[in-house]
Each structure stands twice: as structure tokens, then as C-alpha cells.
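>>> Got a sequence here, can you model it:
(one chain, ligands or ions: 1)
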Amino acid sequence: MAFPTNRILSGIQPTGNLHLGNYLGAMKNWVAMQDGYECMFCIVDLHAITAWPDHVDVAQSSREVAAGMIASGIDPDSSALFIQSHVPAHAQLAWLFNCVTRLGWLSRMTQFKDKVGKNREKASSGLMVYPNLMAADILVYKATHVPVGEDQKQHLELARDIAQKFNVDTGKDVFPLPEPVIRGPGTRVMSLRDGLRKMSKSETSDMTRINLTDSADAIADKIKRAKTDPEILPGHVEDLAGRPEATNLINIYAALADMRVEHVVSEFAGQGFGEFKPALAEVAVSVLGPIAERMAVLLDDPAELDRVLASGAEKANGLAESVLAEAYDAVGFLARG
Ligand code: TYM
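Numbers count the residues shown, from 1 in each chain. The predicted structure is shown next:
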């Protein structure tokens with residue numbers, strides 16, 4: 001089977017609130033790329049249980065993520081939007097990859113090491129083979145491009161290694177090597193409370209992140225209280241070096257306003273955070289406010305969301321089943337009679 005030339009697959013875990021990092025690092029780029037690519041967007045519930053999420057209703061969170069994607073501009077009529085567990089071929093292909101990927105490769109994954117810390121013996125085996133499932137998500141559609149935030153880079157390099165090893169081991173050119181797309185000033189949005197830590201759903205304090213469902217007041221308040229330093233903003237990007245919180249807020253502004261970082265820096269050169277923060281809050285509210293409003297409307301009609309997800313899964317199953325059959329054939333399984 002020939003490879004597609006421009007097919008996107010990307011995913012997001014239904015483990016709680018969508019936040020500004022998810023939006024700027026991933027979803028905003030998905031929306032921008034939607035016209036030029038055939039797009040598959042997956043809500044990865046199988047991934048969500050690799051570290052059993054405390055206090056998270058995965059089903060409800062899956063609907064919220066679906067609503068967040070549509071509210072941000074994903075068009076479910078042109079892009080397939082679906083739930084990972086509704087397409088069994090993801091888990092089936094992941095099993096083949098469990099048998100391809102070397103344990104040494106998995107134990108070098110920095111996200112795995114960060115997540116397990118000193119508790120390696122207590123981590124689920126699912127957490128360790130998580131990147132194999134992620135590779136299966138992508139390769140089960142022979143996706144060629146994967147738009148993600150910076151934190152997923154290593155997993156995508158592994159997905160390429162898995163594709164290549166599978167092709168070499170079976171002697172069949174089944175999988176393309178997918179290209180990561182890590183683009184724009186929002187690929188690594190940091191915590192509002194610590195410019196050296198990533199903005200994340202798992203941080204306990206809600207003040208570290210802006211959620212896509214936050215009210216205008218909450219957004220303004222979080223930005224007002226964001227950690228900064230006592231200096232004024234410089235006139236050149238290089239002079240932001242060593243100022244992680246200032247760099248983060250400038251990057252967020254640039255990503256939200258679709259501006260180059262250099263232009264943001266020159267616009268605010270010489271000003272203090274007292275002037276910059278209200279401007280940032282204004283642009284954040286103007287972009288995120290309408291998304292929160294649309295999300296609320298969509299979540300009011302869960303039956304319609306479920307219908308959209310079922311139709312996405314139907315399209316995804318059609319593509320995934322044929323690639324899985326090709327992979328089974330390549331490893332030499334007897335075809336079902
Ligand atoms: P997840 O659910 O942690 O995040 C979803 C997307 O949001 C991006 N992201 C960020 N970008 C910038 N700054 C941040 N602070 C930030 N936090 C999150 C992530 O990079 C990601 O693009 N393993 C993936 C989900 C996944 C996947 C896939 C992605 C499963 N299968 C196949 C792509 C292709 C994850 O946990 O993302």
C-alpha cells in the first residue's frame with residue numbers, strides 16, 4: 001500500500017482540564033494545519049490510565065477534550081475526531097510494537113524517568129510501554145506529520161525508530177517515518193509560578209496554569225499573580241536570557257497574538273510588568289474567552305458530542321483496520337479465513 005503524503009495524527013490525554021500549554025503547543029497548530037492535511041485527532045483514553053488518574057472522570061474528561069478541540073476550531077466534518085479506545089487497532093498494533101521496541105529504548109525515555117522518579121518498581125508496565133502505544137496511534141494511520149509540543153519530541157523520535165525497525169525486521173516497507181511538527185513560540189509553555197517547570201494538568205496548584213474553561217476574571221487574576229522578576233522588559237530577545245518567567249510570558253503573548261517574539265519584545269521594551277501583564281491578560285481573554293463560551297455550549301449537548309465521536313471512530317476504524325491487517329501480514333500471521 002502506498003504511503004499517504006500529508007496525513008496528520010495527534011492526540012491528547014483526557015486527564016483533566018485542557019490548559020494554555022495544550023492549546024498553544026498543540027491544538028492551535030492542529031487548527032492551522034487542518035486545511036492542508038488529512039487530519040486524525042485522537043483523545044487517548046488508553047494512555048490516560050497508564051498512571052491511574054486520581055479524581056478524574058475519564059469519560060467526562062473525554063467529552064470535555066472533544067468540546068475543547070471543536071471550540072478551538074477543529075472541524076469534525078473534515079477532520080476525524082475520535083476516542084482511542086473506540087478504535088481497537090491502536091492497542092493491537094501497540095502489541096506488535098511491544099515486541100519490536102527494545103527495553104533499553106524505553107528506559108531512556110525522560111518522561112518515564114520523570115514520572116516514576118524513585119518509584120520505578122511501583123510504576124505500571126503500561127507507563128513503560130506508553131511510547132509504543134503512542135507510536136501505534138500514529139503509525140496505524142501511516143501518519144506523516146505529528147504536530148505536538150516540545151515535550152513529545154523524544155517519543156516521536158522513538159516512533160520513527162520503531163517504524164524503521166519494524167520495516168527492517170519484517171523486510172516490508174509498511175510504515176513511513178513520521179515527521180514531528182513542533183512550531184511557534186508556544187511549544188513549551190511554562191508554569192505561571194515557576195518559569196523552569198512546564199505548565200501541566202498534574203501540577204496541584206491551579207494558579208500555575210490557565211485552563212481553557214477559566215473565566216475572564218480568573219485569567220486576569222492568574223496573570224496578575226504570575227511570578228516575574230523586578231527588571232523592566234528589555235529591547236532585545238537575547239537580553240531575556242536567564243529570565244525564565246519573563247521569557248515565558250513574552251512567548252505566551254507572541255503565541256496568542258500570532259506575533260513574532262522580536263516584535264513583542266520591541267513593543268514592550270522598557271516597560272515593567274505592571275504595564276505588560278494587563279496587556280497579556282487582554283489578549284489571553286480575547287482568544288480564550290470565545291473558546292470557553294463555545295465549549296460550554298457544546299458540553300450542554302453530550303449526545304451530539306457522542307455522535308460526532310462515533311462518526312470520527314467509524315472513519316478511523318476504516319483506515320486503521322487495513323493498516324493493522326498489513327502489519328499482521330508483514331509479521332507472518334495466518335490471515336483470518
Ligand atoms: P498531553 O495530553 O500531555 O498533551 C497534549 C498536547 O499538548 C502539548 N502540551 C504542551 N505544549 C506546550 N507547552 C506545554 N506546557 C504543554 N503541555 C502539553 C503536548 O506536547 C501534546 O502535543 N503522549 C501525548 C498524547 C499522545 C499523542 C499520541 C500525541 C498519545 N498518542 C500520538 C501525538 C501523537 C501526551 O501525553 O500529550
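
>>> what comes into contact with the helix or strand bottoming out on mean pLDDT in the chain?
Counting by mean pLDDT, DSSP states H and E, the chain has its least confident helix or strand at helix 110-116, which shows a mean of 91. Where contact means Cβ atoms under 8 Å, 6 or more residues apart in numbering, the residues beyond helix 110-116 that reach it are 51, 106-107, 122-123, 127-128, 130-131, 151, 154-155. To be clear about C-beta, it is placed using only N, CA and C from the backbone, and glycine gets the same treatment.

>>> contacting residues for the residue in the stretch 201-337 of the chain that the ligand sits nearest to?
With Cβ to the nearest ligand atom as the measure, K201 is the residue of the stretch 201-337 of the chain nearest to the ligand, at 7.2 Å. Contact criterion Cβ under 8 Å, 6+ apart gives 13, 15-17, 19, 209 as the residues in contact with K201.

>>> Compare the residues you listed and tell me which is most surrounded.
R209 (25 neighbours; other Cβ atoms under 10 Å).

>>> Would you mind measuring from that one to I162?
According to Cβ to Cβ, to the nearest Å, R209 stands 31 Å off from I162.

>>> So what's the residue count around G104?
G104, neighbours per other Cβ under 10 Å, totals 7.

>>> in which helix or strand would I find it?
Here G104 is covered by helix 103-107, with elements defined by DSSP states H and E.

>>> still on that earlier bit, what residues sit buried inside the helix or strand following the least confident helix or strand of the chain?
Sequence-wise, the next helix or strand downstream of helix 110-116 (DSSP H and E) is helix 125-139. Of the residues in helix 125-139, 126-139 count as buried by neighbour count, 16 or more other Cβ atoms under 10 Å.

>>> which of these lies closest to L324?
Of all those, the one sitting nearest L324 is A136; the distance, using Cβ to Cβ, is 9.2 Å.

>>> got a list of what that closest one touches?
Contacts for A136 were tallied using Cβ under 8 Å, 6+ apart; they are 90-94, 96-97.

>>> of those residues, buried ones?
90, 92-94, 96-97.

>>> Now compare these and name the two farthest from each other.
Comparing all pairs in the buried ones among the contacts of A136 by Cβ to Cβ, the longest separation belongs to H90 and L96, at 11.4 Å.
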